[in-house]
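[1] Mind looking at a prediction? Sequence and model below.
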Amino acid sequence: MAIDGPAGSGKSAVGRRLASALELPFVDSGLFYRALACAIEEGSAGGAEPDPAALALELEFDLGGDRIRAGGRDVTDLVYGAEISARASTLAQIPKVRSALLGQQRSLAHDPGVVMAGRDIGTVVLPWAEHKFFLTAGVEERARRRERQLRARGLAADEDALKAEISERDRQDTERAVAPLRPAADATVVETEGVALEAVVARLLGLIRGA
């Protein structure tokens, strides 16, 4: 199952609950870029910054359970910092990096299935997915959600700054030449603004079970 959408649209929250209901693993593909950003930051501490695409091919990423590891190093508590978020956004614009991570992302899609969330899952990573959804919501609502998420993790957050950051990320994601953010032709677009999380999950479950 592929769940795509812009930042703050509810992909991860919906995906985790959907995966739990279906007893399938959940994968947030954006964590690959965040974990890679952490690895680059660590690698550049001693001198020249490593080549991102080469490092993406070299590292093994483990997104099992609630922990995130890159090259065996647990980076779970680092991936949501502002600097890592900005670096991950930049990495996601590099075609060679996206290509390097594609194999590891696809390797997680095996029997009995997976729920994977991202921005190009239904169009590029898993175009053969049995079910495809594209979640959407307004910028202000997505900024409020992101602020709550960050504060829940004990991180500082400013809604106005997040609004500007999300708007810029939307622009980058939709205008990039490789794997731009857009619904797959056969995806169901789901509006999440003003809709309770449980109701969104229930709708997706109904669509899956009724197919």
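    Perfect, I can see it now.

[2] all contacts plus neighbour counts: C-alpha atoms, from now on.
    Fine.

[3] Go through the least confident helix or strand in the chain by mean pLDDT and flag the buried ones.
    Every helix and strand of the chain was ranked by mean pLDDT, DSSP states H and E. The lowest is helix 82-91, at a mean of 86. Neighbour-count burial for helix 82-91, counted by 16 or more other Cα atoms under 10 Å, picks out 84-85, 87-89, 91.

[4] And for stretch 28-44?
    Result for stretch 28-44 [16+ other Cα under 10 Å]: buried residues 28-41.

[5] Any regions of the protein where pLDDT drops low?
    Along the chain, segments meeting pLDDT under 70 span 45-47, 65.

[6] Swap in 80 and give it another go.
    43-48, 64-66, 82, 211 (pLDDT under 80).

[7] in it, which spans are strands?
    Counting by DSSP state E, the chain has strands at residues 2-4, 26-28, 61-62, 69-70, 73-74, 115-118, 132-136, 188-191.

[8] List the contacts of G138.
    E193 (Cα atoms under 8 Å, 6 or more residues apart in numbering).

[9] repeat for A92
    Counting by Cα under 8 Å, 6+ apart, A92 touches 33, 98.

[10] redo that, cut-off 10 Å
    The neighbours of A92, taking Cα atoms under 10 Å, 6 or more residues apart in numbering as the test, are 30, 32-34, 98, 172-173, 176, 178-179.

[11] Leaving out chain neighbours, which residue sits closest to the residue nearest the centre of the chain?
    Against the mean C-alpha coordinate of the chain, by Cα atoms, centre = their mean, the closest residue is G30 at 3.1 Å. Once flanking residues are discounted, G30 sits nearest to G118: 6.0 Å by Cα to Cα, 6 or more residues apart in numbering.

[12] got the domain boundaries for the protein?
    The chain breaks down into these domains under automatic domain parsing: 1-25+114-205, 29-107.

[13] For stretch 127-137, C-alpha coordinates in CSV please.
    Below are the C-alpha coordinates for stretch 127-137, written out as CSV (Å, rounded to 0.1, in the frame of the first residue of the first chain):
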residue,chain,number,x,y,z
PRO,A,127,4.1,1.9,-8.9
TRP,A,128,2.7,-1.6,-8.8
ALA,A,129,1.2,-1.1,-5.3
GLU,A,130,-2.2,-2.7,-4.9
HIS,A,131,-3.7,0.3,-3.2
LYS,A,132,-2.5,3.9,-3.6
PHE,A,133,-3.7,6.9,-1.6
PHE,A,134,-2.7,10.6,-1.8
LEU,A,135,-3.4,12.6,1.4
THR,A,136,-3.8,16.4,1.3
ALA,A,137,-4.6,19.3,3.6
